[in-house]
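A.B. asks: Pasting the sequence and the predicted model now:
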Amino acid sequence: MPRGDAICRWGARLTRNRVAATEKDLDERYKVEGRVSRFSGPGTYPHELAVILLFPLRRIVLSPEKLVRHLHLTRTSRVLEVGPGPGFFSVDVAQAITQGLLELVDVQVEMLQKARRRLCRGVRNAGYTHANEVRLPFRSGAFDVVFLVAVLGEVSNAKACLASIAKVLRPGGLLSVAELPGDSDAIIEEHLRTLTQGTGLEFVDSRRVSRGYLASFRREAKNQGTTAAITGADGASDENQNAPRLSCGH
Ligand SMILES: C[S@@+](CC[C@H](N)C(=O)[O-])C[C@H]1O[C@@H](n2cnc3c(N)ncnc32)[C@H](O)[C@@H]1O
């Protein structure tokens, strides 16, 4: 068995054990929100277990450096990370785009707070928006690159999510989707490619990541629009001035 897979299986076992230990405390809350089901099927990864996502051995399966190389960033790239969790990949991406901007969007504000604490130690070019990726509160064409790692399987309507991402990507912009082994709700690549049909995203390439994959798509360049700024002067987009945002000062 490849080393990465063994580690992922071990991590998944550890996760289940930790859930069992904490289930009593969290029972009521999780049953109401249906989040315990995350470990037997689809659902949102609980922010209480974010520490597992920072486990250094994850690097064997997909390191932040490898992901950065795959994203073809320039120093000025405007990048959106959907579902960053506590920011395992975010620091390296932000540091690769010193004159650009990394915007983090997560459905759990607690995950954004954890990511912000990690990034605020040295990163100054990140923004934090609490939103559901199916309705991204950014202007059309606002980003050069969008990436998701181990997120798409948690999303209730993955096709709507991909269409929403296509909209905020500039024409020719890159979408990178990684699905990793050990993730109980990972989407298989063939299904992902089916889901992108009709969304304005064109498949570019894919590479194996242990028993998972890292797939790239480009937003079709037809219907060229103007590239707009990500946000207004106050940090909120015109389309959704009310999208809750965090800053390092919070
Ligand atoms: C398994 S974690 C992966 C975190 C990070 N990408 C990593 O690999 O370390 C999935 C993340 O996606 C977020 N997420 C799930 N559904 C989402 C949605 N509909 N919109 C935005 N974020 C979502 C979760 O809150 C969680 O932070």
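C.D. replies: Perfect, I can see it now.

A.B. asks: Any residue of whatever helix or strand Cys161 lives in touching the ligand?
C.D. replies: For Cys161, the host element (DSSP states H and E) is helix 158-168. No - judged by C-beta under 6 Å from any ligand atom, helix 158-168 and the ligand are separated, with a smallest distance of 6.9 Å. Placement of C-beta: from N, CA and C, glycine included.

A.B. asks: Equivalent analysis for stretch 204-214, please.
C.D. replies: No - counting by C-beta under 6 Å from any ligand atom, the ligand has no neighbours in stretch 204-214; the shortest distance is 10.9 Å.

A.B. asks: that older thread, just the angle between the very next helix or strand once past the helix holding Cys161 and helix 158-168, please?
C.D. replies: Scanning forward in sequence from helix 158-168 by DSSP H and E, the next helix or strand is strand 169-179. Using axes from the mean of the first three to the mean of the last three C-alpha atoms, to 10 degrees, the inter-axis angle of strand 169-179 relative to helix 158-168 is 140 degrees.

A.B. asks: So that it lines up with my notes, have the first residue be 47 from now on.
C.D. replies: I'll keep to 47 as the first residue from here, and by that count the last item is strand 215-225.

A.B. asks: Tell me which helix or strand comes right after the one helix or strand in the chain whose mean pLDDT sits lowest.
C.D. replies: Lowest by mean pLDDT, DSSP states H and E among the helices and strands of the chain is helix 49-79, with a mean of 41. Later in the chain than helix 49-79, the nearest helix or strand by DSSP H and E is helix 96-99.

A.B. asks: Would you mind writing the CA trace of that following helix as PDB?
C.D. replies: The C-alpha trace of helix 96-99 is given here as PDB (Å, rounded to 0.1, in the frame of the first residue of the first chain):
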ATOM      1  CA  ALA A  96      -9.600  21.200  12.400                       C
ATOM      2  CA  VAL A  97      -6.300  20.300  14.100                       C
ATOM      3  CA  ILE A  98      -6.300  17.000  12.100                       C
ATOM      4  CA  LEU A  99      -6.200  19.000   8.900                       C
END
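
A.B. asks: what packs against it?
C.D. replies: Contacts defined by 3 or more C-beta pairs under 8 Å, 6 or more residues apart in numbering; DSSP states H and E place helix 96-99 against helix 49-79, helix 155-165.

A.B. asks: Next, the buried residues of the last one.
C.D. replies: When you say that, I think you mean helix 155-165. The neighbour-count check on helix 155-165 (16 or more other C-beta atoms under 10 Å) flags 157-162, 164-165 as buried.

A.B. asks: ok, Pro132 - contacts?
C.D. replies: Applying C-beta atoms under 8 Å, 6 or more residues apart in numbering to Pro132 gives the contacts 96-97, 99-100, 157, 160-161, 164.

A.B. asks: Cross-check these against the ligand and keep the overlap.
C.D. replies: Among these, the ligand is touched by 99, 157 when using C-beta under 6 Å from any ligand atom.

A.B. asks: closest to Glu200 among the contacts of Pro132?
C.D. replies: When the contacts of Pro132 are ranked by distance to Glu200 (C-beta to C-beta), Met157 comes first, at 11.6 Å.

A.B. asks: Glu94 is in contact with the closest one, correct?
C.D. replies: No - counting by C-beta atoms under 8 Å, Met157 stays clear of Glu94, with 10.4 Å between them.

A.B. asks: Quick check: residues of the protein near the ligand?
C.D. replies: Counting by C-beta under 6 Å from any ligand atom, the chain comes close to the ligand at 90-91, 99, 128-131, 134, 151-154, 157, 178-179, 195-197, 200-201.

A.B. asks: Perfect, I'm done here.
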